[in-house]
Each structure stands twice: as structure tokens, then as C-alpha cells.
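Undergrad: Here you go, sequence then predicted model.
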Amino acid sequence: MSGAGKKIADVAFKASRTIDWDGMAKVLVTDEARREFSNLRRAFDEVNTQLQTKFSQEPEPIDWDFYRKGIGSGIVDMYKEAYDSVEIPKFVDTVTPEYKPKFDALLVELKEAEQKSLKESERLEKEIADVQEISKKLSTMTADEYFEKHPELKKKFDDEIRNDYWGY
């Protein structure tokens, strides 16, 4: 198998393992989206299968004796010599080493951003729950109950009253 072909097949195989098809399917709402998603998955599987079979096999060796019997050894030897002299350059990956450190740094940054986002999401969910609780109780809540939940506001108002500051 050629280096580039093997690399393509390996990448396609790894990609098929990491795609959460079921998770993505759960997000779809319309029947049209489900049909398109099904078509995409089918096409992906076909291409992946083709890559796995086509690029994972070495080509069959040429039976030069078979052709010598049918055509003659002079012309077959000439073709064999030309075939053997062809050198297919091996794929040398110069891009990956250059971008791998940048990619790894981005992955670390992504993990940090994910953690930060999860903490912020948790904080916002708690804040939403507090606001919903207050909105339910607002019509029957006393000032003391409200200040009990928000002591910083009580301190601010007490300071303003104590300093004789009435907002004008």
C-alpha cells in the first residue's frame, strides 16, 4: 500500500470511529433533515468502505511470464524494464510536524475554554433558578425576605440611609 493511500485509509477509519452518528441524529427535528442525514451517513460509509478496501491492498504483481508467452519476450522485457525503472516517490509529510504543536496548543486552549464554559454555564443555571424562584415569590415576598437573599443590597440601602443620601 502506498504511504499516502494508507494514511487516507487510516484517517477515514479513525474518523468513522469518532463520529457520534446517534448523538447527531437525536438533534435533528424535521423529516427532511433526517433523510439528508441518512444520505450523508450512507455516503460516508460507502466512501469509507471504498477507502478501506481500495487503499489497504497491495496491487497484484504482474505475471510477466504470461505476457512473454502471448506477446514475445523482447517487447515484454522492454516493458518490464521500463516498469521497474519507474520510481514512485514516497509521501513525505512536511506539514504535520509544522502544525502539530499549534494544533496541540489549540487542543489545550479548547479544553481550558470548555472548562471555563462549563463553570459559567453552571453559574448561569444557578442564577436562572434563583431568578425563577424570586419571580414566583415576588408577589408575596417581604423586603426582609428579599434582603435575606441579597445582603449586599441591604448593606447598600442601609449605607445610603445612614449617610443621608436619597438619590438626588
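TA: Received, thanks.
Undergrad: tell me the mean pLDDT for the host helix or strand of Phe37?
TA: According to DSSP states H and E, Phe37 maps onto helix 31-55. Helix 31-55 shows a mean pLDDT of 85.
Undergrad: Helices of this structure, residue ranges please.
TA: 3-18, 21-27, 31-55, 64-71, 73-85, 95-137, 143-149, 151-162 (DSSP state H).
Undergrad: Flag whichever of those has the least confidence on average.
TA: For these, where the average pLDDT is lowest is helix 3-18, sitting at a mean of 59.
Undergrad: Now do the helix holding Phe37: distance to the chain's middle.
TA: Centre-to-centre, helix 31-55 and its host chain are 17 Å apart (Cα atoms, centre = their mean, to the nearest Å).
Undergrad: do the same with stretch 159-168
TA: On Cα atoms, centre = their mean, the centre of stretch 159-168 falls 56 Å from the chain's centre.
Undergrad: how much space between Pro59 and Ile88?
TA: According to Cβ to Cβ, to the nearest Å, Pro59 and Ile88 sit 11 Å apart. The way it works is simple: take the backbone N, C-alpha and C, and place the C-beta from them, glycine included.
Undergrad: one step back: which secondary structure elements does the helix holding Phe37 contact?
TA: Contact analysis of helix 31-55 by 3 or more Cβ pairs under 8 Å, 6 or more residues apart in numbering; DSSP states H and E lists helix 3-18, helix 21-27 as its packing neighbours.
Undergrad: run the last query once more with 6 Å
TA: Helix 31-55 sits against helix 3-18, with contacts defined as 3 or more Cβ pairs under 6 Å, 6 or more residues apart in numbering; DSSP states H and E.
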